[in-house]
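# give me a model of this one.
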Amino acid sequence: VYVDLSTAFWRQHGGSVYGNRALTRGGGVYLNSAFGEMTGGDVMYNTAPMGGGVYIAGSYSVFTQTGGSFWINTADYGGGLYVANSALVTNSQFLNNTGVYLGNVRNSYGGGAAFASNQFTLVGCLFQDNTASLGGGISVSTGNNSSVSDSQFIGNLARLDNAGSSNGFGGAIANTGTGK
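Reported below is the predicted structural model:
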(Lines give C-alpha, C1' and ligand atoms only; values in the text may rest on other atoms or scores of the structure.)
Protein backbone atom coordinates (compact mmCIF):
# COMPACT_ATOMS: atom_id res chain seq x y z
CA VAL A 1 0.00 0.00 0.00
CA TYR A 2 1.41 3.40 -0.99
CA VAL A 3 -0.38 6.66 -0.11
CA ASP A 4 1.19 10.00 -1.06
CA LEU A 5 -0.91 13.15 -0.68
CA SER A 6 -1.71 15.44 2.24
CA THR A 7 -5.45 15.04 1.61
CA ALA A 8 -5.28 11.24 1.25
CA PHE A 9 -6.44 8.86 3.98
CA TRP A 10 -5.65 5.16 4.38
CA ARG A 11 -7.84 3.16 6.73
CA GLN A 12 -7.57 -0.52 7.66
CA HIS A 13 -10.00 -2.28 9.99
CA GLY A 14 -8.95 -5.86 10.66
CA GLY A 15 -7.46 -7.92 7.87
CA SER A 16 -3.76 -8.30 7.23
CA VAL A 17 -0.83 -6.88 5.31
CA TYR A 18 1.27 -10.00 4.75
CA GLY A 19 4.50 -11.04 3.04
CA ASN A 20 5.41 -7.90 1.10
CA ARG A 21 8.80 -6.37 0.25
CA ALA A 22 9.90 -2.86 -0.73
CA LEU A 23 13.37 -1.89 -1.90
CA THR A 24 13.40 1.45 -0.02
CA ARG A 25 10.57 2.14 2.44
CA GLY A 26 7.41 0.56 3.77
CA GLY A 27 7.49 -3.16 3.13
CA GLY A 28 3.77 -3.43 3.87
CA VAL A 29 2.50 0.17 3.97
CA TYR A 30 4.13 3.51 3.04
CA LEU A 31 2.34 6.72 4.06
CA ASN A 32 4.00 9.87 2.73
CA SER A 33 2.34 13.13 3.82
CA ALA A 34 -0.91 11.23 4.33
CA PHE A 35 -3.21 10.22 7.16
CA GLY A 36 -3.39 6.60 8.29
CA GLU A 37 -5.61 4.71 10.68
CA MET A 38 -5.36 1.06 11.63
CA THR A 39 -7.81 -0.71 13.91
CA GLY A 40 -7.00 -4.33 14.68
CA GLY A 41 -5.49 -6.49 11.99
CA ASP A 42 -2.00 -7.84 11.46
CA VAL A 43 1.10 -6.56 9.68
CA MET A 44 3.25 -9.68 9.18
CA TYR A 45 6.34 -10.92 7.30
CA ASN A 46 7.07 -7.65 5.49
CA THR A 47 10.58 -6.40 4.63
CA ALA A 48 12.20 -3.07 3.66
CA PRO A 49 15.32 -1.08 4.61
CA MET A 50 13.10 1.41 6.49
CA GLY A 51 9.75 0.48 8.04
CA GLY A 52 9.56 -3.25 7.41
CA GLY A 53 5.86 -3.36 8.27
CA VAL A 54 4.74 0.28 8.04
CA TYR A 55 6.65 3.48 7.13
CA ILE A 56 5.18 6.91 7.95
CA ALA A 57 6.89 10.15 6.90
CA GLY A 58 6.20 13.53 5.37
CA SER A 59 5.22 16.82 6.94
CA TYR A 60 1.49 16.07 7.03
CA SER A 61 1.58 12.41 8.05
CA VAL A 62 -0.40 11.39 11.10
CA PHE A 63 -0.85 7.74 12.08
CA THR A 64 -3.18 6.25 14.67
CA GLN A 65 -3.41 2.60 15.57
CA THR A 66 -5.73 0.87 18.01
CA GLY A 67 -5.18 -2.84 18.57
CA GLY A 68 -3.54 -5.00 15.98
CA SER A 69 -0.15 -6.65 15.77
CA PHE A 70 3.18 -6.26 14.02
CA TRP A 71 4.74 -9.73 13.66
CA ILE A 72 8.07 -10.85 12.22
CA ASN A 73 8.80 -7.81 10.02
CA THR A 74 12.39 -6.80 9.18
CA ALA A 75 14.15 -3.48 8.44
CA ASP A 76 17.33 -1.59 9.30
CA TYR A 77 15.17 1.18 10.81
CA GLY A 78 11.91 0.13 12.45
CA GLY A 79 11.37 -3.59 11.92
CA GLY A 80 7.64 -3.33 12.60
CA LEU A 81 7.02 0.41 12.35
CA TYR A 82 8.99 3.52 11.36
CA VAL A 83 7.52 6.96 12.18
CA ALA A 84 9.06 10.26 11.09
CA ASN A 85 6.17 12.52 12.02
CA SER A 86 3.27 11.96 14.43
CA ALA A 87 1.81 8.73 15.82
CA LEU A 88 -0.61 7.51 18.48
CA VAL A 89 -0.43 3.74 19.04
CA THR A 90 -2.67 2.08 21.64
CA ASN A 91 -3.20 -1.52 22.76
CA SER A 92 -1.01 -2.96 20.01
CA GLN A 93 1.57 -5.74 19.91
CA PHE A 94 5.04 -5.72 18.37
CA LEU A 95 6.31 -9.31 18.33
CA ASN A 96 9.49 -10.88 16.90
CA ASN A 97 10.36 -7.98 14.61
CA THR A 98 14.00 -7.57 13.63
CA GLY A 99 16.25 -4.65 12.85
CA VAL A 100 18.22 -6.48 10.17
CA TYR A 101 17.53 -6.21 6.46
CA LEU A 102 18.89 -8.89 4.13
CA GLY A 103 21.88 -9.77 6.29
CA ASN A 104 22.82 -6.15 7.01
CA VAL A 105 26.05 -5.91 9.01
CA ARG A 106 25.77 -2.28 10.08
CA ASN A 107 23.67 -0.62 12.76
CA SER A 108 19.95 -1.28 13.04
CA TYR A 109 17.47 0.81 14.97
CA GLY A 110 14.22 -0.21 16.66
CA GLY A 111 13.44 -3.87 16.16
CA GLY A 112 9.80 -3.30 17.13
CA ALA A 113 9.54 0.37 16.14
CA ALA A 114 11.77 3.35 15.33
CA PHE A 115 10.63 6.90 16.03
CA ALA A 116 12.37 9.81 14.32
CA SER A 117 9.39 12.03 15.05
CA ASN A 118 8.58 15.12 17.02
CA GLN A 119 5.59 13.54 18.69
CA PHE A 120 4.51 10.00 19.41
CA THR A 121 2.45 8.34 22.13
CA LEU A 122 2.39 4.65 23.03
CA VAL A 123 -0.29 3.46 25.46
CA GLY A 124 -0.91 -0.13 26.57
CA CYS A 125 1.42 -1.70 23.99
CA LEU A 126 3.41 -4.92 24.21
CA PHE A 127 6.92 -5.13 22.75
CA GLN A 128 8.16 -8.70 22.98
CA ASP A 129 11.13 -10.59 21.49
CA ASN A 130 12.17 -7.82 19.08
CA THR A 131 15.85 -7.39 18.10
CA ALA A 132 18.08 -4.54 16.85
CA SER A 133 21.52 -3.16 17.63
CA LEU A 134 20.03 0.04 19.14
CA GLY A 135 16.67 -0.34 20.84
CA GLY A 136 15.50 -3.93 20.64
CA GLY A 137 11.96 -2.82 21.50
CA ILE A 138 12.01 0.78 20.26
CA SER A 139 14.55 3.35 19.14
CA VAL A 140 13.92 7.08 19.59
CA SER A 141 16.12 9.56 17.72
CA THR A 142 13.96 12.65 18.35
CA GLY A 143 10.64 13.08 20.07
CA ASN A 144 10.36 16.24 22.12
CA ASN A 145 6.73 15.57 23.01
CA SER A 146 6.73 11.80 23.32
CA SER A 147 5.44 9.38 25.90
CA VAL A 148 5.22 5.68 26.64
CA SER A 149 2.71 4.58 29.28
CA ASP A 150 1.15 1.34 30.53
CA SER A 151 3.26 -0.63 28.04
CA GLN A 152 5.30 -3.80 28.52
CA PHE A 153 8.76 -4.63 27.18
CA ILE A 154 9.58 -8.35 27.47
CA GLY A 155 12.55 -10.27 26.07
CA ASN A 156 13.73 -7.62 23.58
CA LEU A 157 17.41 -7.71 22.58
CA ALA A 158 19.90 -4.97 21.71
CA ARG A 159 22.61 -7.03 20.03
CA LEU A 160 26.08 -6.17 18.83
CA ASP A 161 26.18 -5.69 15.10
CA ASN A 162 28.50 -7.73 12.90
CA ALA A 163 30.69 -4.72 12.07
CA GLY A 164 32.25 -4.82 15.56
CA SER A 165 30.90 -1.46 16.73
CA SER A 166 30.04 -0.67 20.30
CA ASN A 167 26.27 -1.02 19.79
CA GLY A 168 24.08 -3.28 21.84
CA PHE A 169 22.28 -0.53 23.79
CA GLY A 170 18.71 -0.38 25.00
CA GLY A 171 17.17 -3.82 25.07
CA ALA A 172 13.77 -2.25 25.69
CA ILE A 173 14.29 1.39 24.60
CA ALA A 174 17.24 3.30 23.13
CA ASN A 175 16.84 7.08 23.22
CA THR A 176 19.62 8.70 21.19
CA GLY A 177 17.89 12.04 20.64
CA THR A 178 16.09 14.72 22.54
CA GLY A 179 13.06 12.72 23.67
CA LYS A 180 11.82 13.02 27.24
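
# so where's the chain uncertain?
For the chain, the stretches with pLDDT under 70 are 101-107, 143-144, 161-167, 178-180.

# touching, Ile173 and Ala158? I think so.
No: here Ile173 lies out of contact with Ala158, judged by CB atoms under 8 Å, at a distance of 9.5 Å. In this view, the C-beta of every residue, glycine as well, is placed from N, C-alpha and C.

# list the residues that contact both of the two?
Shared between the contact lists of Ile173 and Ala158 (criterion: CB atoms under 8 Å, 6 or more residues apart in numbering) are residues Gly135.

# ok, Gly112 to Arg25 distance?
Distance, Gly112 to Arg25, using CB to CB, to the nearest Å: 17 Å.

# between those two, tell me which one has more neighbours.
Here Gly112 and Arg25 are set side by side on neighbour count (other CB atoms under 10 Å), and the busier one is Gly112, at 36 against 24.

# any idea how far the more buried one lies from Gly26?
Using CB to CB, which is the criterion applied here, Gly112 is 16 Å from Gly26.

# now do Asn91
As for Asn91, its distance to Gly26 is 23 Å (criterion: CB to CB).

# phi, psi of the residue most central in space within the chain?
The central residue of the chain, meaning the one whose C-alpha is nearest the mean C-alpha position (CA atoms, centre = their mean), is Leu81 at 1.9 Å. Main-chain dihedrals, Leu81, degrees, to the nearest 10: phi -150, psi 140.

# that older thread, comparing Asn91 and Gly26, which residue is more hemmed in?
Shown here are Asn91 and Gly26; by other CB under 10 Å, Gly26 has more neighbours (28 against 16).

# what's across from the closest residue to that one other than its chain neighbours in the sheet?
With CB to CB, 6 or more residues apart in numbering as the criterion, Gly26 has its nearest non-adjacent residue at 3.5 Å, and that residue is Tyr55. The residues paired with Tyr55 through beta bridges, assigned by DSSP bridges, are Tyr30, Tyr82.
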